[in-house]
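> just coords:
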C-alpha cells in the first residue's frame, strides 16, 4: 500500500519539520489558497518577506543536522510550490531541497503541483534550477505539460513550459500527447481549452497523433460534437457548437483531413459526424465543406459513407417519421432548404458530386415533406448528370491551389477584379440565416 506507507512517513518522520517551515513563512497546513488570500481580512498581519526569509534561514540552520532534513525541506518545497511562494522556494533550494522530490502520496513533483495550481513564476524558477521538465508521475505518467494542457487557467504555465523547452509531442503511458489531453478534457461547456489547443498547435503539436486505441484530437472533438446533440437546451448546444467550430478551424489549419475515418471501426470523421445531423450542426458542416472537406470518406470512399446518403437518411428521419406522424410544413421547408445549402457548400470545392451507387430515390407522396424530398432528389440527379460549368471547375482548382485555408487574404491579394474575388469566395456572401448559426439539440426538433 504505497499510499499508506507514504502517509505514515510524512506523519511520523518529517511532517514536524515541514510544519515548522510552513509556520515560519506564515502558511497554515491544510488552508486553501482562497483562505490564505483573504486571511488579512480576519486580522492577520501583513507578511514582511525579509523577516520571513531571515526566520526561515535561522530555522534551516538549526535543523540542518536532522536525519530527515533533506526529505523535510523537499516536501516543504512541494508545499510552497503549490502556493507559488518563490522567495521561500529559493531558500529551500539553497539548502538542498530536491527539485524532483515526489510527494509520497500523489507521486507528483514540485513542478507538477506548480502547474496544477497555475503558478507560472514557480514553474520558471524550478525549471530554471534544472527541475526535470519532462518528469512524469508514477501513476498516470503525466508530464507537467500534459497537466498544463488540461485546464484553461494553466495557459500561462503552458507558455512557460514550452518556452523552456518542453517536448510538445511527448506522450504518456496511454500514448496521449498534450494536444490529446487538451481536447479530451474539454467538454465545450464547462471546460473549453481552446487557447491551450491553439498554443500547442502553434508550437508544433502533431495534429495526427493518436493513442494505440485510436484516441486523437479529432476523435475527442467528434465526441463533443455528439454530446451537443444531447444538450439540455439551445443555449448549451450553441455554446458547445461555438467551441467545436473554433477548434475545427484550428485543426483544419494544421492539416487535419476532416473526411478521413479515424480508425477502421472507430469514431467517424468530422465531416461524417456533422452531416449525420446536418440541420442541427449546420455551422460545422458548412465550415468543413467550405474548407474543402470531401463529400465522401477520403479513406475508404463512398462505400464507407457519402454526403448524399447521410443527407437523405437525415431528411427521411425528419420528413418521413416512423409511425406515420405528421410533419410541420415550416420545419419540412427549412430542412430541405438547409440540405440544398449543404450541397451548394460541397460543390464549391468539388463541382461534381457523383451519387453513390445503390442510393434509392424517394417515393413520391402527398405531404409537403415527401414531395420536397422527391423534388430535391430529382434536381440533384439532373445536376450531376450534366458536366459542371467551366467557371466552377476553375474556381475549385484555384481554391485547392491556394490551400491551406483560410483563403481570404490570399485571394484578396490576387490581381483580380473584385467581382471575381467575390466569385472565388462565395462563403463570405452566402451566409447562414440567423436561426442556422448555432448548434441545436436533438430533443424538441423532430
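Yep, that arrived. Computed from a predicted structure; not experimentally measured.
> Domains in the chain, by residue range?
The chain breaks down into these domains under automatic domain parsing: 1-105, 257-446.
> which stretch in the ones you listed has the least confidence?
Note on the domains of the chain: domain 1-105 shows the lowest mean pLDDT, a mean of 78.
> still on that earlier bit, dump the domains of the chain to JSON lines, plus mean neighbour count and distance to residue 121.
Where you see a C-beta, it was placed from the backbone N, CA and C, and this is true even at glycine. Formatted as JSON lines, those follow (neighbours: other C-beta atoms under 10 Å; distance: least, C-beta to C-beta, whole Å):
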{"stretch": "domain 1-105", "mean neighbour count": "16", "distance to residue 121": "5"}
{"stretch": "domain 257-446", "mean neighbour count": "17", "distance to residue 121": "37"}
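> Tell me the buried residues in stretch 218-234?
218-229, 231 (16 or more other C-beta atoms under 10 Å).
> follow-up on the earlier one: in TSV: the domains of the chain, plus distance to residue 210.
Compiled in TSV, those are given as follows (distance: least, C-beta to C-beta, whole Å):
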stretch	distance to residue 210
domain 1-105	30
domain 257-446	8
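> tell me the SS of the residue nearest the centre of the chain?
The residue lying closest to the centre of the chain (C-alpha atoms, centre = their mean) is residue 183, at 3.1 Å. In terms of secondary structure, residue 183 is helix; the call rests on DSSP: H, G, I helix; E, B strand; the rest coil.
> ok, it to residue 411 distance?
Relative to residue 411, residue 183 is positioned 31 Å away (C-beta to C-beta, to the nearest Å).
> could you point out the longest strand in the protein?
strand 301-306 (DSSP state E).
> Can you name every helix or strand that the helix or strand following that strand contacts?
Where DSSP states H and E defines the elements, the next helix or strand beyond strand 301-306 is helix 307-319. In terms of contacts (3 or more C-beta pairs under 8 Å, 6 or more residues apart in numbering; DSSP states H and E), helix 307-319 is packed against helix 270-276, helix 329-349, helix 368-385.
> how far is the shortest one from where the chain is centred?
Once both centres are worked out by C-alpha atoms, centre = their mean, to the nearest Å, helix 270-276 turns out to sit 18 Å from its chain's centre.
> show me what contacts residue 349?
By C-beta atoms under 8 Å, 6 or more residues apart in numbering, residue 349 lies in contact with 289-290, 292, 396, 399-400.
> so can I have JSON lines of those showing distance to residue 437 and secondary structure?
As requested, the contacts of residue 349 are exported to JSON lines (distance: C-beta to C-beta, whole Å; DSSP: H, G, I helix; E, B strand; the rest coil):
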{"residue": "289", "distance to residue 437": "16", "secondary structure": "helix"}
{"residue": "290", "distance to residue 437": "14", "secondary structure": "helix"}
{"residue": "292", "distance to residue 437": "21", "secondary structure": "coil"}
{"residue": "396", "distance to residue 437": "26", "secondary structure": "helix"}
{"residue": "399", "distance to residue 437": "23", "secondary structure": "helix"}
{"residue": "400", "distance to residue 437": "27", "secondary structure": "helix"}
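> of all the residues you listed, which comes closest to residue 200?
Ranked by distance to residue 200 (C-beta to C-beta), those are led by residue 292 at 23.3 Å.
> I'd assumed residue 400 was in contact with the closest one.
Yes: counting by C-beta atoms under 8 Å, residue 292 touches residue 400, with 6.7 Å between them.
> how about low-confidence regions in the stretch 101-250 of the chain?
In the predicted model of the stretch 101-250 of the chain, no residue satisfies pLDDT under 70.
> So for residue 88, what's the nearest residue that isn't a sequence neighbour?
Of all residues not flanking residue 88 in the chain, residue 80 sits nearest, at 4.4 Å (C-beta to C-beta, 6 or more residues apart in numbering).
> my guess is residue 347 meets residue 341, correct?
No: between residue 347 and residue 341 there is no contact under C-beta under 8 Å: 11.0 Å.
> can you tell which of the domains of the chain is closest to residue 168?
Ranking those by proximity to residue 168 (C-beta to C-beta) places domain 257-446 first, at 19.8 Å.
> helix/strand/coil for residue 439?
Three-state assignment for residue 439 (three-state DSSP): coil.
> can you pull the contacts of the closest residue to it other than its chain neighbours?
The shortest distance from residue 439 to any non-neighbouring residue, by C-beta to C-beta, 6+ apart, is to residue 241 (2.9 Å). Residue 241 makes contact with 188, 228, 281, 283-284, 438-439 under the criterion C-beta under 8 Å, 6+ apart.
> Tell me the spacing between residue 241 and residue 231.
Going from residue 241 to residue 231 by C-beta to C-beta gives 9 Å.
> Please identify every residue contacting each of these two.
residue 439.
> what residues are up against residue 427?
Neighbour list for residue 427: 286, 290, 345, 348 [criterion: C-beta under 8 Å, 6+ apart].
> element containing the closest residue to residue 183 other than its chain neighbours, please.
With C-beta to C-beta, 6+ apart as the criterion, residue 183 has its nearest non-adjacent residue at 3.7 Å, and that residue is residue 220. Per DSSP H and E: residue 220 is located in helix 217-228.
> Which strands or helices does that helix pack on?
Counting by 3+ C-beta pairs under 8 Å, 6+ apart, helix 217-228 packs on helix 178-184, helix 234-253, helix 270-276.
> got a list of what residue 262 touches?
By C-beta under 8 Å, 6+ apart, the contact list for residue 262 reads 210, 214, 216, 218-219, 222, 268-269.
> ditto for residue 408
Residue 408 makes contact with 425, 428, according to C-beta under 8 Å, 6+ apart.
> Tell me which of the domains of the chain sits nearest to residue 149.
Between residue 149 and the domains of the chain, the tightest spacing by C-beta to C-beta is seen for domain 1-105, at 19.1 Å.
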